[in-house]
Every structure is written in structure tokens, then in C-alpha cells.
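[1] Provided below for reference: sequence and predicted model.
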Amino acid sequence: MAVKVLIPTPLQKLTDGKDVVEAPAGKIIDIINALDKKYPGLAERLCQDGKIRRFINVYLNEEDIRFLQGEETLVKDGDEVSIVPAIAGGNF
């Protein structure tokens, strides 16, 4: 079994159009690096200096990893990781 990673639409051009990909279990940062080997360019869009970029939100089973252990959050087989770019703007 593996980890399911949900890919946002703007990054699907890097994953051959796939909205869901699989990765081996491990720390979030290791999962991103493993995916980058299969889908080059993914890590540079998500990370800078080994940290997830400020405007990228990552969820483990619907829980924000910033409230867990950040990039060091451990992901187990069968878990789901969602990558969500932050969206800003609008008028009120």
C-alpha cells in the first residue's frame, strides 16, 4: 500500500495530467522529494530551502501539517496528502 497524494490543477501538467499520484510512506518532505524524482519540477514549485513554500498548504488526512510537525510530519501507508495552493484576493 502507498500514500495517495492529491495534486492541484496547476501542478497536474507536471504529473502527466494526473490529479492523484502515489508515493511511498515517510515524512512529508521525503514524499515531495520522491515525487520530484518521478515528476521533475514538482519539488521546486512546492519547496524552498527544504521547507514548504509559504503559500502552499499541505494536509494529511484533512489536517494542516503546520499544526502537526510541518515537513517532518510522518505519513503512513493508506494516508492521504492534499496539496493546496493558497488563493488570495476578492472584494468584500
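    Looks like it came in fine.
[2] what's the helix or strand for Val21?
    If you go by DSSP states H and E, Val21 is part of strand 20-23.
[3] just checking, what packs against the helix or strand just after that strand?
    Using DSSP H and E, the next helix or strand after strand 20-23 towards the C-terminus is strand 26-27. If contacts are counted by 3 or more C-beta pairs under 8 Å, 6 or more residues apart in numbering; DSSP states H and E, strand 26-27 sits against strand 74-75. From N, CA and C alone the C-beta is placed, and that goes for glycine too.
[4] The strand it packs on pairs with which strands, and in what direction?
    Here strand 74-75 has these sheet partners by DSSP bridges: strand 26-27 (antiparallel).
[5] What average pLDDT does the partner strand get?
    Averaging pLDDT along strand 26-27 yields 96.
[6] rewinding a little: give me the residues contacting the strand holding Val21.
    Contact with strand 20-23 is made by 2-7, 15, 31, 34-35, 38-39, 81, as judged by C-beta atoms under 8 Å, 6 or more residues apart in numbering.
[7] Hmm, which of the residues you listed is lowest in pLDDT?
    Among the contacts of strand 20-23, Ala2 has the lowest pLDDT, at 93.
[8] Quick check: the residue most central in space within the chain vs Lys4, distance?
    Among the residues of the chain, Ile83 comes closest to the average C-alpha position under C-alpha atoms, centre = their mean, at 4.1 Å. Using C-beta to C-beta, to the nearest Å, Ile83 is found at 12 Å from Lys4.
[9] Low-confidence ranges, this structure, go.
    By pLDDT under 70, the low-scoring segments of the chain are 88-92.
[10] hey, where'd the helices end up in it?
    Listed in chain order, the helices of the chain (DSSP state H) span 28-38, 42-46.
[11] Reformat those helices as a markdown table; add distance to Glu63 and mean neighbour count.
    Shown next, in a markdown table, are the helices of the chain (distance: least, C-beta to C-beta, whole Å; neighbours: other C-beta atoms under 10 Å):
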| stretch | distance to Glu63 | mean neighbour count |
| --- | --- | --- |
| helix 28-38 | 12 | 19 |
| helix 42-46 | 18 | 17 |
